[in-house]
Each structure stands twice: as C-alpha cells, then as structure tokens.
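**Q** I would like the atomic coordinates for the input below:
(chains A and B)
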Amino acid sequence: MSSLLALLFPPSTTRNMELSADVLIILSSAAIIFYLTRWHRWKYLWREWLTTVDHKKIGIMYLIGAVTMLFRGGTDALLLRAQLAVPNNHLLGPLHYDEIFTTHGTIMIFFMAMPLIFAMFNIAIPLMIGSRDVAFPRLNAISFWLFAFAAFLFNISFVIGGSPNAGWTAYPPLTELAFNPGVGQNYYLMALVVTGLGTTATGINFLVTILRMRAPGMTLMRMPMFAWTTLVTSVLILFAFPPLTVAMVLTLFDRLFGTAFFTIGRGGMPMMYVNLFWLFGHPEVYILVLPSFGIFSEVVATFSRKKLFGYSTMVYSVLAITFLSYGTWVHHFFTMGAGAAVNVFFGLSTILIAIPTGIKIFNWIFTMWNGRIKMTVAMMWALAFIPTFVVGGATGVMLGAVPGDYQFHNSYFLIAHFHNVIIGGTVFGLMSGVYYWWPKVTGRLLNERQGKWAFWLFFLGFWVTFMPQYALGFMGMTRRMYTYSHGFGWSSLNLISTIGAFVMGAGFVVMVYNFVWSQIHGEIDVTGDPWNGRTLEWSTPSPAPEYNFARIPVVTDRDAWWAMKQEQKTNVVQIKPQEITDIELPKSSGIPFLMGLSFFVFSVGMVFSWWWIAGAGFLGFVVCMLVGTFDYDDHKEVPRQEIQNTESAFGRLQG
Amino acid sequence: MNLPVEPDSTAKLPLEFTDNHESLKILGFWSFLATDLLLFASLFAVYAVYQSRVGMAGPSPDQLFKLGPAVVETLLLLTSSFTCGLAVYQMRRNHKRGTIIWLAVTLLLGVGFVTTEVREFVSYIAMGDSWHHSAFLSAFFTLVGTHGAHVTFGILWAITLIIQLMGRGLTTVTTRKMYMFALYWHFLDIIWVFIFTVVYLNGKI
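**A** Numbering: from 1, shown residues only, chains lettered A, B, ... in the order given. Purely as a prediction, here's the structure:
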C-alpha cells in the first residue's frame, strides 16, 4: 500500500505549488459537475458534443482545448520567467525547473499549436472548398478524442506520478530508466504516441478531403491559398509522424521492457534517437507554420480588397518549402559530430529555405500595395507577423550558418530565435485566423476594441520578452539553466524579459475575456459575410447549417464568392423550394469518444506498468473497432422539409 | 490500377469504386499505407544501423538465424498473397462463395505464417537470445515483430470480413473492405520480401 502511494505521489507531486493546483483542479471539476447536474446538461453534452461528427463542432472543441492548453503552457512560461527574473532565485528548485520547461515546450507544440491548427482546418476547409463535410467524419472525431485524452493524460502527470523532466525533445540517455526513474517520462512518451496517431489520421482526412471533395469547377489552381497550405501540411504530417512514433515507442521499450536501443552498454546509440526525432522535428516546424501562411494569404487579400498577389508563385514556394524541409534535420545538431561535409550540406539546405519564404513575404506586401486596407484585429495580427517573422527568419539564417551555430547553439539566442518564428509565425497566424473565422462558427463577431487591446499587449509583450534574450545568448547565457549569479551582466536583461512575459500573459487574459464577452454581448453576424470576404465560406450563413450548403456551389474563378459578388450573382446561394433535395449526412457516434477513453486507459496501464489495466484498455479498443466495422448505419438523411425550414429562417429561399 | 476484370466489362468500374464514399475510403487507405511504409522504413533504418552492434557476447545475425523457418514463412506468405489475389478475382466475377473460400485459405496461410514466426522467436529466446541482450536483437525483434503484429491484425480483419461477406454478400461496402484488405495484405507481403532480404539473407552472408 505504501509503495503504491509512493509510486502515485512521489515528492515532486507534494510540493506546495502542486498541492494548491490540486485544490484548484478539484474545486473547478466539482463546479463543472455541479453545473452539468443542476441544469441537466449531461445529455446535451453527450448528444451535441461528445458524440458529434460535425466538423464545425469538432473545430470548436479543438479551439477550446487549445486555449485551455495555452493557459497551462503559458502558466509554465510565467513560472520559468519568474524564476529567472532575478539572480540566485529559488522560487523553483532545479528539478522543478526542469519539469516545468519540459511541460511548457511539449504542451505548446503538441497540445496548443497542433490542435489550434486543426481547429482552423475543421472550421474553414470544408466550407472553403464547398463541401458538406470532411472525407471521414468519424475518423475526424477519433482524431479529436485521441488529442483530448492524450492532453488529459499529459496534464495529470504533475498531480499523479510526477512530470517528465528531460526537455521537450527528450534525448536519451537522460530518458533511460537508469538515469530517469519514476513514471514522468512514460507519460510524455504515451501522450505523444496517442496524439500522434490522431494527428496522422487528421493528415489523411484532410488530404483526401481536399483532393476529392472540392466543389465542381474548383481546380487545384483555383483553390484558396489556405486550402493549398492545408493540403501540403497534411502531406508533411503523413511523412513526418511515423519516425516520431518509432522514436517514442523504442524509448518506451527501453524503459518498460529493457531493450537496448539507446543504451550504449549493449550496443545502442543515443544518436539514433536524435536523428529519428528530428526527421520528424524539422518537418514539424513547417507543419506548424504553413497553415499560418495560408491564413495570412486569406486575411491580407480580404482586408486589402485585392486578389492575392502572385498566387502561382505562392503555390510553388509552398511546395518548395515542403520538399526542402525534409533535407534539413541535421541542423538541429551540427555540434554532435556529423563532420564538415555533412554539416555544409545541411547548412546550405537550411539557408535555401529562406528563398521561397522570402518570396511569400514579398507577395503579401505586394498584395497590400495599393489596396484599400481595413485595420481589423485579424489584419493587425497579419501585419505584426511580417516584421516579427522576418527577424526570426534572419536569425534562423544565422543559426543555419554552421560556424555561427557552433557559437549560438544551446544559448538564449536559439531560444529567442525559435520563439520568434513559432510565436511570430504560428501563433500570430492562428490568432489572425481565430478573429477572422470566429463569426463563421459562432455567429457573433469578436469585439474589435477588446481585441486590439489583447493584440497590443501580446505583440509588445512579445518584443520585450524575446529581444533581450538574443543579447543574453551572445553574453553566454545557456538554455535550461535554472538560475544564475550576480556579476554576469545578465540581471537587467532577464528582468526586462520577465516583465515582457507578464505583459503577454495580460494580453492572453484580455483575449479570453474578449472571447467570453463577445459570446454573450457580441454583435450578431446576420449577413454571413461580415468582412466582405472572397472565398466560399462567406457565402454561407453564420453559423453555417449542419449541411453547410443547401446546394453545392459551382466555382468559376479563384476567389469564387468575390467573383459571384462582382457579377451580381449572389442569388445563387438562394435556393428554390422545388430544387431542394434530401441531404445525406454522417450520423453521430459514441465510438470516437469511447475509443479515446480506451486509449487513455491503455496509456495509464502502460505508464505505471499495470498490465491488466493496459489490457483492459486494449480490449476496449478492439471492441470499438468491432462495433465500428459491423455498424453499417452510419449515415442519416436530412429531409427536404427540414432544409426548407432552415433556409427560409435564414431568408435564403427564392420565391 | 490494373485489376483482373473480364474483357467485356473493362469499360465499367469495379463495384467498390462506383460509390463515392467507398471510393474515398480507398484513397484514404492508400494514404494510410504511405504512413505505414514510413513506419517500416524507420524500423529498417534502425535495423540497418544496429545489425552489427551485437554487444559484448550476443550472437551476430549469422550465428542467430536459421534459414529454415524464414524460408517456410516466406513461402506461406507469398502463397497467401497469391490466394488473396484469387479472392479479389472471384469478387470481380461476382462469385461470393469463391471470394470467401480463397479469403479463408489466405487467412489459414496467414495463421501458418504467424505460428511459424512465433515458434522461431521462441526458439531464439530459449537459447537465451532475447531482445534485452543487444541493440541488434532489440532491432530484430521489433522490426520483424511489428510485421508479425500487422499480419495478426490482418487475420482478425479477414475473420470479420468473412462474417460480413457471408451475411451481406458482395455490396459496394463489402467489396470495398475486401479490396482494402487485399491492398493491406499485398503491402505486408512486400514488406516481408524486404525483411527476408535485408534481415535474413543479408544476415547469413
């Protein structure tokens, strides 16, 4: 009994900080359960959300999950910065600091950025390409629930069992059992495997959706740019995630079953892990940033009231980035002894990527040239992206130059660089997308004044946080050090950086306030086209009905909806009652949720080496698969009368 | 795709491609096979680097492998790939009974393959050569074991498929499932050809 308690609650879970978090978790869970029970919302929750296969609702759930994880990852970031604010600080101990930078990095990449990207895919893509759903709606729900349960699994580690502490890259031999006892690392490995499976399924789903379900007339070269970047991102996912899964599973085998993959004593090689991880890791960088490039292309064109400049060069530069991104992974470990010839190759391929990226930057600038620019919050995030990403890209070229990298690597210069590209590229882009597409899924506009406050706080906070870190890197401060002494000259720069981080935190709080306030008091979008948009999603009402389009539109031009507006043909979205036909839609299903739950149970069993629990979880997975394969009743018909009623309520019925 | 079809019916699509939903699923399955290929490629890369890293005392590939079971496994799996093709051929000719019979033969050959492989693994472990001993053994058991797990999953899939074919006959849905199973089975066959070459033959040289 006492050994079980020691396994579940090691000392790292009983520090004051963890215990107060436990109290908050218990109180908020109790509040949620009370609310659901008091207002009889359990059935509603199950019927409308937990079992849904509607891509718009799945998109909203991804959004909620990602914002929650941004809170967790952001709290970690503020703890790290608070610890580093002054020299010789002991707010966090060394081990505690290791745990927090590990969970910060892992959560921000896998459980914040990735789901926020999938939120954008789900919310926008089917509407944009004139489709009624994704290719595999049930698989789409499975992807979501694998993410949700993996995020839950990863997040309970600091309450039960202890957090992982080997950094978000989790290099062996530090992750081997001999050097890292306890279950923390198992949590990391299982969570990444499970969410990775879901991500792979999402990649397959959107690849097939975009290749095969576009509206008639929408050729590949007539697709909106966001559809292009989603297509390319899906391909990147398909080829990037298998090496990650292999790296994770082999480490897990070493830890749980005593294999010898990454232990030198029996012939294993830690370098094998490093190569596998970055074979995934570098394409992952482009998985994160390409969707944002797509969002900028939509937002900049819409708010400049011009068509996107250089569409075809945009497409070719995205394809070039995709191709090059597979040939650069060694630049993450130039100093690990690959030799001069190898380093030169990977240095050059890294710097080459700057060329197609630069082309894209110029295209966005030329799109705005002579345009009638409207300064909405979405547009401000897009504008802020350009200088921020250029600085991040330029420091990336500095790191790509091999001799320079020997100086900069593992210093705060690197930290500043990757936050500069990931926040300046990915996060700014996703925020732009959230403000742009929010009315399409919720039916209400986000308040612009509050949005501008959130933007300025976050944007200025970002520069104040990360510019000093470049200097700190030059001054010799290395990453992952938990404290430093007086006299290095680092103190004031660190303090400035910490102040900036808290300003960003304030920006996040204002943003969440903006979301909640606008959901209650925000202006209702009655037209369905609040921005005078260019692409097909703005031809539907906000929020779009379950079937998206009563009649699938026919596309004749690149900016399909804009063309319809120019030719005064917007009445094509209005349908005559006699033209309405029944619509076949996928039926809600409990299987995706239960499958996520099975994976969760299986993972808990694996984490603690409780094989009977892992077996029960596996059995649950097999049962879900069997029920799924014998379930032929996965579609429903929406009768034409119901469609007629919905369309007439939107005022979209002719005659 | 060159599918075995009757000369007079070449103009019309096979049943499983006539329904758009089912046709989408086939493209999705091809994409899945691409990721699975990358999974095996990663494991092959690990094996290729580790095959000479046999630790202090552990056996080398040459000392460990017996070609007998590997040849039997190869024959069983290659034959099962042929019978799987016959099942699809019968499905194209709209012969439900023939489809089920050849699918059952495929399944039995698959069971034979897995049994032989398990016996081979057990014999290695009985000699004390388990996957704890060296990086080479870890990589060998993981690569070949992952393939074996795939075949085992395929056998379970074939059983559910036979039940559905018996109950529902050849519809757009069941033929699509049968076609996807065939893709999967041939894919595993190709992977095995590489395992036989890279692991066993190369190990014996």
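
**Q** drop to CA atoms for contacts and neighbour counts, all remaining ones
**A** OK.

**Q** Okay, now the unreliable bits of the chain?
**A** Using chain A. Low-confidence segments of chain A, defined by pLDDT under 70: A:655.

**Q** my bad, the chain I had in mind was chain B
**A** For chain B, the ranges with pLDDT under 70 are B:1-11.

**Q** for it, which helix is longest?
**A** The longest helix of chain B (DSSP state H) is helix B:135-168.

**Q** touching chain A at all, that one?
**A** Yes: applying Cα under 8 Å from any Cα of the partner chain, one finds helix B:135-168 touching chain A at B:135, B:136, B:138, B:139, B:160, B:164.

**Q** the inter-axis angle of whichever helix or strand comes after that helix versus helix B:135-168?
**A** Next helix or strand after helix B:135-168 toward the C-terminus (DSSP states H and E): helix B:172-195. Angle, helix B:172-195 to helix B:135-168, by axes from the mean of the first three to the mean of the last three Cα atoms, to 10 degrees: 160 degrees.

**Q** about what we covered before: buried set for the longest helix of chain B?
**A** By 16 or more other Cα atoms under 10 Å in any protein chain shown, the buried positions in helix B:135-168 come out as B:135-145, B:147-148, B:151-152, B:154-155, B:157-158, B:161-162, B:164-165.

**Q** cool, stretch A:329-336 as well?
**A** Residues of stretch A:329-336 classed as buried: A:329, A:330, A:331, A:332, A:333, A:334, A:335 (neighbour count, 16+ other Cα under 10 Å).

**Q** Among these, which one lies nearest to chain B?
**A** residue A:329 (14.8 Å; Cα to the nearest Cα).

**Q** for residue A:550, what are its contacts?
**A** Applying Cα atoms under 8 Å, 6 or more residues apart in numbering or on different chains to residue A:550 gives the contacts A:575, A:580, A:643, A:647.

**Q** Please list the members of those that lie in helices.
**A** A:643, A:647.

**Q** Can you tell me which of the contacts of residue A:550 lies closest to chain B?
**A** Using Cα to the nearest Cα, those come closest to chain B at residue A:580, 20.8 Å.

**Q** Need phi/psi at that closest one.
**A** Dihedral pair for residue A:580: phi -70, psi 130, per degrees, to the nearest 10.

**Q** Also residue A:583?
**A** phi -120, psi 130.

**Q** right, and it touches residue A:548 too?
**A** No: between residue A:583 and residue A:548 there is no contact under Cα atoms under 8 Å: 10.5 Å.

**Q** Between these two, tell me which one has more neighbours.
**A** Just comparing residue A:583 and residue A:548: by other Cα atoms under 10 Å in any protein chain shown the higher neighbour count belongs to residue A:548, 20 against 16.

**Q** Name the SS class of the closest residue to the more buried one other than its chain neighbours, please.
**A** Closest residue to residue A:548 apart from its sequence neighbours, by Cα to Cα, 6 or more residues apart in numbering or on different chains: residue A:132 at 5.4 Å. Following DSSP: H, G, I helix; E, B strand; the rest coil, residue A:132 is assigned to coil.

**Q** Residue A:132: what's it in contact with?
**A** Residue A:132 sits next to A:126, A:547, A:548, A:549, A:585 when contact means Cα under 8 Å, 6+ apart.

**Q** what residues does chain B put near chain A?
**A** For chain B, the residues in contact with chain A (Cα under 8 Å from any Cα) are B:21, B:24-25, B:27-28, B:31-32, B:34-36, B:38-39, B:42-43, B:46, B:50, B:53-56, B:131-136, B:138-139, B:160, B:164.

**Q** Quick check on residue 66: phi, psi?
**A** You didn't pick a chain, so chain A it is. Given degrees, to the nearest 10, the pair of backbone angles that residue A:66 has is phi -70, psi -40.

**Q** not what I meant, chain B
**A** Torsion angles, degrees, to the nearest 10, at residue B:66: phi -110, psi 130.

**Q** likewise residue A:481?
**A** phi -90, psi 130.

**Q** next one: residue A:638
**A** phi -90, psi 120.

**Q** How much space separates the residue nearest to it when sequence neighbours are not counted from residue A:551?
**A** Closest residue to residue A:638 apart from its sequence neighbours, by Cα to Cα, 6+ apart: residue A:583 at 5.1 Å. Separation of residue A:583 from residue A:551 (Cα to Cα, to the nearest Å) stands at 10 Å.

**Q** Kindly report the same for residue B:33.
**A** For residue B:33, the distance to residue A:551 - Cα to Cα - is 34 Å.
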